[in-house]
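Engineer: Okay, predicted coordinates and the sequence, questions at the end:
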Amino acid sequence: MPRLLTLAALLSTLAGTLFSQGPLPSGPLAIRDFTLQFNPAGTFALSGAGWPSMAGTWVVAGSELTLQMPDGPRGCTGAGRYTFAVAGDSVSFAVIADNCQPRRMILHSSHWLPRGVAAPRAERRIVRTAGAAKGALPRPVASPGSWPSFRGHEATGVADGQNLPDEWNPATGANILWRAPIAGLAHSSPIVWGDLVFVTSAISGKGHATFKPGLYGDGDASDDRSSHRWVLSAIDKRTGKVRWERTAVEGEPLNKRHIKSTYASSSPVTDGRVVVAWFGSQGIYAYDFDGTLRWKVDLGRVDMGAYDIPSYEWGPASSPIIWNGLVIVQCDTQADSFLLALDAETGDLLWKTSREELPSWGTPTVVTTAAGPELITNASNFVRGYDPQTGRELWKLGGSSKITAPTPIFSNGLHIIASGRAPERPVFAVKPGARGDLTLPKGEDHSAQVAWSKTGRGSYMPTPLAYRGMLYVLANNGVFDAYDLATGKEIYRQRLPLVGSGYSASPVAADGRIYLSNEDGEMLVVEAGAAFKLLATNSIGEMLMATPALSDGVMYVRALSTLFAIGRR
């Protein structure tokens, strides 16, 4: 009997050793700022900047890992079960069941490597295909009343001389010139050139696709992976009638989207000769004004998502721009980041500049300054200035948020760049013509190249508005700040009376009026100036995420399922 007990104890000890050690490596594993380590004695530790530290015990049975944290954070004392796979240096995990939200967020669909080992990067292939359109494009011709890209010319968001009404009402038709139904789901903004309004959309095979508005921090992706049609529509700006609609591509989305985003969140752009739409991993498409495809460019799969948890995929939102015959695209992904310039006429790649960046969502801006043209990009590691003709980096400025969405603007001789994720939440005012690394020393808020800066005041989604010597910054939570543009001195801080689900659309301005749109479809008209004054509130009657366009006395508002033309009747 003692011999049998001894043998049983030995087998039990051996089994415990096998199950606790398993094939998992004992050295520290890493993803971005996270470190995960399995001790052969059966304990583990998981930590990351800004996240609760987690520690406990682990056991393995076959390819299943069970984690226990008796002293874990609230809601994390139960077991978490995962499958795992080891391939060379890489270890990946997939959740079976785990009620511990932070642990599940970090581990599910994750791929870890030993600390200090870089993940291999696949070479990105950029493939251009010619369309059916033949012949050279016409020479560029100015169109003063146009709104050619996201937030208009150079993303200013300003178009004086509109004489827009302060009040309108879709329910009664007051000051609604026309309305047009828009199929599908998109947060892209309308653009205008000549007598046409262009809009993009992604039409889900599920029928009525949805998104989740509101002020929340969930990073989940939408579960809508059905076949979609990505379309570009040209609409008569006087009547709202569709001139033409083209399906650029059809199929299953190649990238995921955040539950608050869409598969068509990038706005189109035009120079009056060609209209370009970027549908993320589905490609870039260029049409002439008759709706004939001139070219398309496949960038491959683009994966934008959480800076700290790469498995959280949110999809792209940066919009293309056109400058001097160049289509410029900012593409910052989990795998690689780059700027590129395509020939607007042919789609040929003219230059491509690699960047060491985290995923970003802001649209680049090219502005004409006294020091020459500068291409400005907003991103997490650095705000950067480039020569738009060659893609050569001119300067960079550190201190941004880890998530960047607002577009850079230029006014009164200053580049204004903001981002709104805590704790940084900066606003920078940078002088043109700078060179080199402009990053401010700790504790400093200005320099010879940085006129002024602020922390804790940047906007998360909306792009700031520079208008009549003042800078307006709109936070998602409805806090509206006004500053002296030249000095950064605060003029006022006002919480808007209607916050609702929050603010994602960027403010625009005309004739001393500022137009602010919240996600619930409430549009506030505020008087520009040193004192906050609310002039009117108008409900559009639908959810509203896109930034309006202003052209020839009309404001074009793209709501959830309708494009509205608002003007005096």
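Structural biologist: Received it, and whenever you're ready, just let me know what you need.
Engineer: State the pLDDT value of the spatially most central residue of the chain.
Structural biologist: Centroid check for the chain by C-alpha atoms, centre = their mean gives Trp361 as the closest residue, at 2.7 Å. Each residue has a pLDDT score; the one for Trp361 is 98.
Engineer: And it, how close does it get to Ser419?
Structural biologist: For Trp361, the distance to Ser419 equals 10 Å [C-beta to C-beta, to the nearest Å]. From N, CA and C alone the C-beta is placed, and that goes for glycine too.
Engineer: which residues do those two both contact?
Structural biologist: Taking C-beta atoms under 8 Å, 6 or more residues apart in numbering as the contact rule, Trp361 and Ser419 both touch Ile403, Thr404, Ala405.
Engineer: Tell me which residues touch the second one, please.
Structural biologist: The reference is to Thr404. Ser360, Trp361, Gly362, Asn378, Ala379, Ser380, Ser419, Arg421.
Engineer: element containing the third one, please.
Structural biologist: Translated: Gly362. For Gly362, there is no helix or strand it lies in under DSSP states H and E.
Engineer: wait, what's in contact with it?
Structural biologist: Contacts of Gly362 by C-beta under 8 Å, 6+ apart are Ser318, Gln330, Thr377, Asn378, Ala379, Thr404, Ala405, Pro406, Thr407, Pro408, Ser419, Thr463.
Engineer: so how far is Ile126 from Arg421?
Structural biologist: For Arg421, the distance to Ile126 - C-beta to C-beta - is 30 Å.
Engineer: now swap in Val249 and tell me
Structural biologist: 16 Å.
Engineer: what do you get for Asp484?
Structural biologist: 44 Å.
Engineer: now Ser265
Structural biologist: Taking C-beta to C-beta as the measure, Ser265 and Ile126 are separated by 21 Å.
Engineer: ok, now which ones touch the residue nearest to the centre of the chain?
Structural biologist: Counting by C-beta under 8 Å, 6+ apart, Trp361 touches Met304, Pro316, Ala317, Ser318, Ile403, Thr404, Ala405.
Engineer: hmm, try it at 6 Å
Structural biologist: Ala317, Ser318, Ala405 (C-beta atoms under 6 Å, 6 or more residues apart in numbering).
Engineer: what does Ala530 give?
Structural biologist: Ile491.
Engineer: which stretch of helix or strand covers it?
Structural biologist: Assigned by DSSP H and E, Ala530 falls outside every helix and strand.
Engineer: what pLDDT does it get?
Structural biologist: 98.
Engineer: same question, Gly135
Structural biologist: 89.
Engineer: tally of neighbours for it?
Structural biologist: 8 (other C-beta atoms under 10 Å).
Engineer: and what of the one 3 residues further on?
Structural biologist: When neighbours are counted by other C-beta under 10 Å, Pro138 registers 11.
Engineer: Quick check: closest non-adjacent residue to it.
Structural biologist: Leaving aside its chain neighbours, Pro138 sits nearest to Arg273 (5.6 Å; criterion: C-beta to C-beta, 6 or more residues apart in numbering).
Engineer: Point out where the stretch 251-400 of the chain drops to low pLDDT.
Structural biologist: Within the stretch 251-400 of the chain, no stretch has pLDDT under 70.
Engineer: Then the chain?
Structural biologist: 1-22.
Engineer: What are the structural domain limits within it?
Structural biologist: Domain ranges of the chain: 16-114, 122-136+146-152+182-355, per automatic domain parsing.
Engineer: Export the ones you listed as JSON lines, with columns for distance to Ile176.
Structural biologist: Shown next, in JSON lines, are these (distance: least, C-beta to C-beta, whole Å):
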{"stretch": "domain 16-114", "distance to Ile176": "44"}
{"stretch": "domain 122-136+146-152+182-355", "distance to Ile176": "10"}
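Engineer: most tightly surrounded among the ones you listed?
Structural biologist: Stretch with highest mean neighbour count among the domains of the chain: domain 122-136+146-152+182-355 (a mean of 20; mean count of other C-beta atoms under 10 Å).
Engineer: That one: end-to-end distance?
Structural biologist: Taking C-alpha to C-alpha, to the nearest Å, domain 122-136+146-152+182-355 runs 15 Å from one end to the other.
Engineer: now it: how far from the chain's centre is it?
Structural biologist: Distance, stretch centre to chain centre, for domain 122-136+146-152+182-355: 12 Å (C-alpha atoms, centre = their mean, to the nearest Å).
Engineer: Any chance you could list what contacts the helix or strand containing Val192?
Structural biologist: Using DSSP H and E, Val192 sits within strand 191-193. Here strand 191-193 makes contact (C-beta under 6 Å, 6+ apart) with Ser143, Ser146, Trp147, Pro148, Ser149, Phe198, Pro268, Thr270, Gly272, Ala549, Ser551.
Engineer: Next step: the residues you listed restricted to strands.
Structural biologist: Among these, the members found in strands (DSSP state E) are Phe198, Thr270, Ala549, Ser551.
Engineer: Show me the beta-bridge partners of the third one.
Structural biologist: I take that to be Ala549. Residues in a beta bridge with Ala549, per DSSP bridges, are Tyr556.
Engineer: what's the distance between it and Phe564?
Structural biologist: From Ala549 to Phe564 the distance is 11 Å (C-beta to C-beta).
Engineer: With Gly391 instead?
Structural biologist: 39 Å.
Engineer: Comparing these two, which residue is more hemmed in?
Structural biologist: The residue with more neighbours, out of Gly391 and Phe564, is Phe564; 25 against 19, by other C-beta under 10 Å.
Engineer: Quickly find the element holding the more buried one.
Structural biologist: With DSSP H and E as criterion, Phe564 is part of strand 562-566.
Engineer: Walk me through which strands that strand pairs with, and which way each runs.
Structural biologist: strand 176-181 (antiparallel), strand 554-558 (antiparallel).
Engineer: buried ones in the longest one?
Structural biologist: The neighbour-count check on strand 176-181 (16 or more other C-beta atoms under 10 Å) flags Ile176, Leu177, Trp178, Arg179, Ala180 as buried.
Engineer: so how far is that strand off the chain centroid?
Structural biologist: Centroid separation between strand 176-181 and its chain, computed with C-alpha atoms, centre = their mean, is 29 Å.
Engineer: now swap in stretch 120-129 and tell me
Structural biologist: 22 Å.
Engineer: what comes into contact with it?
Structural biologist: With C-beta under 6 Å, 6+ apart as the test, stretch 120-129 has contacts from Lys296, Val297, Asp298, Leu299, Gly300, Ala335, Asp336, Gly347.
Engineer: So what touches the helix or strand hosting Leu232?
Structural biologist: Assigned by DSSP H and E, Leu232 belongs to strand 228-236. By C-beta under 6 Å, 6+ apart, the surrounding residues in contact with strand 228-236 are 196-204, 242-250, 253, 263, 277, 279, 282.
Engineer: Tell me which of the domains of the chain sits nearest to Tyr503.
Structural biologist: Of all the domains of the chain, it is domain 122-136+146-152+182-355 that lies closest to Tyr503, at 9.4 Å by C-beta to C-beta.
Engineer: re the thing from before, looking at the buried residues of strand 176-181, which is nearest Ala536?
Structural biologist: The closest of the buried residues of strand 176-181 to Ala536 turns out to be Ile176 (C-beta to C-beta; 14.8 Å).
Engineer: Quick check: that closest one vs Asp223, distance?
Structural biologist: 35 Å.
Engineer: And for Arg128?
Structural biologist: Distance of Arg128 to Asp223, computed by C-beta to C-beta: 33 Å.
Engineer: circling back: now, which of the contacts of Gly362 lie within strands?
Structural biologist: Within the contacts of Gly362, residues falling in strands by DSSP E are Gln330, Thr377.
Engineer: Can you tell me which of the contacts of Gly362 is nearest Pro114?
Structural biologist: Using C-beta to C-beta, these come closest to Pro114 at Ala379, 27.5 Å.
Engineer: and that closest one, what is it in contact with?
Structural biologist: Asp332, Glu357, Ser360, Thr404.
Engineer: Let's see that with 7 Å instead.
Structural biologist: The contact partners of Ala379, taken as C-beta atoms under 7 Å, 6 or more residues apart in numbering, are Asp332, Glu357, Leu358, Ser360, Ser400, Thr404.
Engineer: farthest-separated two in those residues?
Structural biologist: Greatest spatial distance in these: Asp332 and Ser400, 11.9 Å, computed using C-beta to C-beta.
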